[in-house]
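Undergrad: no FASTA, just this:
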Ligand SMILES: NC(=O)C1=CN([C@@H]2O[C@H](COP(=O)(O)OP(=O)(O)OC[C@H]3O[C@@H](n4cnc5c(N)ncnc54)[C@H](O)[C@@H]3O)[C@@H](O)[C@H]2O)C=CC1
Ligand SMILES: C[N+](C)(C)CC(=O)CC(=O)[O-]
């Protein structure tokens, strides 16, 4: 039976949490008195459905059930986890915790608060030990970070359970050891935000120029190495000590206004809002969200290919899911191995998915299959792998921007060296392309084929046996120019 998450507050962040839980197979009950909340959550969920599956290389779990509860009590009833995401007002959060704990006093309650410390949230609570900060980043359904902040009154077992739940839904729980206003990441963002406000207020730069300074340069670096690793590299061969010796003194120079806050006048608000309208007002917020999501899924996929940073979290999430996949049994159909969404960069001048991306989709599918049988990146690290010897691609339809594609694998034949596969790239269950492929097991150092080890054969051969009873695809063995029967 699916587990249940209760989301209290269905705004930008509550909607993102709801989507992340649902798409990871949890049932979700949302409570928000705003009559517009179901529409807003629905729109966030649509965006998440278009983006999150593109990060997974295996089948996603069946989506959980979403209900909009008529009361907070109904939402939290039977919940295994509660995420509070109401507006950032301490007295409101206290009221919500008191209501929750009248009916569910032992259930873990994570708070999305950007700024409050857990000890502030826990004040006067019936059971403070189960209340903690679980601070996510927007969009919650794509970004893995959740800062988990306990106070000395928190129950360590509850914190460990919460971290495990967050990992289960593909997140990276960063345990913040010492509670502090605004945790770690928002302290940092606050400093950047403050400097940006000064630059606009002092007429040095517009909102657009500041955004260009970020996205054309250091913003790209931060997504993959963060601050300290980036600066270590910037110190050259002499490393971090040299970097600090060279740039440390700058902090004494008049470069920084970090400790002063510009006065938040109506004039400043209008100046920023006006410049932001000029910069981005030609897009709706939903359009900007979709552009952001497509860019983020592209970045994240690159990091995943490199097993680096946030990409490592995605690989670990896939591995966890894979471990729970039931083994195929005789009579099962082709194995669903990958799901992808057609991204803007995949579209060619004909307005449909360019041909190299069909091979890419197939390659993602086969890689996922290989990982499933144990020929994963760790195995390749031992000096053995499968290499593709031959591929035949047949186009049957046109994939378009945003299409959700599924890659399935049918094993046509397998022995200790050879792996003969038939791959279908499906949209709405119908093939847009099929590929027939022969792979060979290779000793990479010798550059020669060799027998796969027993551990791989033990996973591969039962699948081959199960697939032996499937009808042989018409396109298998076809050559170019041959007419369909
Ligand atoms: N927007 C952001 O970038 C981020 C916000 N957060 C935090 O997430 C929390 C929510 O922020 P947003 O989603 O941005 O705000 P929001 O304004 O989009 O949503 C807040 C929602 O809470 C609902 N609400 C108010 N009183 C309620 C009650 N008694 N019971 C149930 N729902 C109630 C409102 O109707 C509204 O839909 C805040 O604590 C914020 O600091 C955390 C990370 C990022
Ligand atoms: C602006 N903010 C402080 C609410 C931002 C966050 O808390 C995290 C984020 O998503 O940037």
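TA: Sure, I can see it. All values derive from a computational prediction rather than experimental measurement. Ligands and ions are numbered 1, 2, ... in the order given.
Undergrad: where does the prediction get shaky in the stretch 351-485 of the chain?
TA: Along the stretch 351-485 of the chain, segments meeting pLDDT under 70 span 484-485.
Undergrad: quick one, helices of it?
TA: 355-372, 377-380, 454-467 (DSSP state H, counting those that start in this stretch).
Undergrad: wasn't residue 193 part of a helix?
TA: Yes. Under DSSP: H, G, I helix; E, B strand; the rest coil, residue 193 sits within a helix.
Undergrad: quick check: the residue of this structure nearest ligand 2.
TA: Nearest residue of the chain to ligand 2: residue 114, at 3.4 Å (C-beta to the nearest ligand atom). Glycine gets a C-beta too; all of them are placed from N, C-alpha and C.
Undergrad: ok, that residue - contacts?
TA: Residue 114 sits next to 88, 135, 182-183, 186 when contact means C-beta atoms under 8 Å, 6 or more residues apart in numbering.
Undergrad: redo that, cut-off 7 Å
TA: Going by C-beta atoms under 7 Å, 6 or more residues apart in numbering, residue 114 touches 88, 135, 182, 186.
Undergrad: for the closest residue to ligand 1 within the chain, give me its contacts.
TA: Ranking the residues of the chain by distance to ligand 1 (C-beta to the nearest ligand atom) places residue 11 first, at 1.8 Å. Contacts for residue 11 (C-beta under 7 Å, 6+ apart) come out as 40, 85.
Undergrad: try 10 Å this time
TA: Listed by C-beta atoms under 10 Å, 6 or more residues apart in numbering, the contact set of residue 11 reads 32, 34, 36-37, 40-41, 44, 85-87, 112.
Undergrad: with residue 401 instead?
TA: Per C-beta under 10 Å, 6+ apart, neighbours of residue 401: 294, 341-344, 346-347, 351-353.
Undergrad: scan the residues you listed and report the most crowded one.
TA: Within the contacts of residue 401, most neighbours by other C-beta atoms under 10 Å means residue 353, with 27 neighbours.
Undergrad: in the sheet, who's paired with it?
TA: In this entry, residue 353 is beta-bridged to residue 347, by DSSP bridges.
Undergrad: give me the spatial nearest neighbour of residue 45, chain neighbours excluded.
TA: Closest residue to residue 45 apart from its sequence neighbours, by C-beta to C-beta, 6 or more residues apart in numbering: residue 19 at 4.8 Å.
Undergrad: residue 398 and residue 353 touch, don't they?
TA: Yes. Using C-beta atoms under 10 Å, residue 398 makes contact with residue 353 at a distance of 7.2 Å.
Undergrad: any residues in contact with both of those two?
TA: 427, 432-433.
Undergrad: what residues does the stretch 51-200 of the chain put near ligand 1?
TA: Counting by C-beta under 6 Å from any ligand atom, the stretch 51-200 of the chain comes close to ligand 1 at 85-88, 92, 96, 112-114, 135-136, 138.
Undergrad: and residue 215, how far is that from residue 205?
TA: Relative to residue 205, residue 215 is positioned 14 Å away (C-beta to C-beta, to the nearest Å).
Undergrad: who has more neighbours, those two?
TA: Using other C-beta under 10 Å, the more surrounded residue of residue 215 and residue 205 is residue 205, with 16 against 11.
Undergrad: might one say that that one is in contact with residue 199?
TA: Yes. Using C-beta under 10 Å, residue 205 is in contact with residue 199, at 4.6 Å.
Undergrad: overlap in contacts of the two?
TA: Jointly contacting residue 205 and residue 199 under the rule C-beta under 10 Å, 6+ apart are residue 213.
Undergrad: if residue 133 is in a bridge, with which residues?
TA: Residue 133 forms beta bridges with residue 111, residue 149, as assigned by DSSP bridges.
Undergrad: how many residues are close by it?
TA: By the criterion of other C-beta under 10 Å, residue 133 has 26 neighbours.
Undergrad: wait, isn't residue 369 in contact with residue 409?
TA: Yes. Counting by C-beta under 10 Å, residue 409 is a contact partner of residue 369 at 4.5 Å.
Undergrad: do you have the strands of the stretch 351-485 of the chain handy? List them.
TA: Ranges of strands within the stretch 351-485 of the chain are 384-395, 404-414, 418-427, 430-443, 448-449, based on DSSP state E, counting those that start in this stretch.
Undergrad: highest mean neighbour count out of those?
TA: Among the strands of the stretch 351-485 of the chain, strand 418-427 has the highest mean neighbour count (mean count of other C-beta atoms under 10 Å), at a mean of 23.
Undergrad: just to revisit the earlier point, closest one to residue 314 among the strands of the stretch 351-485 of the chain?
TA: Counting by C-beta to C-beta, residue 314 lies closest to strand 404-414 out of those; the figure is 16.9 Å.
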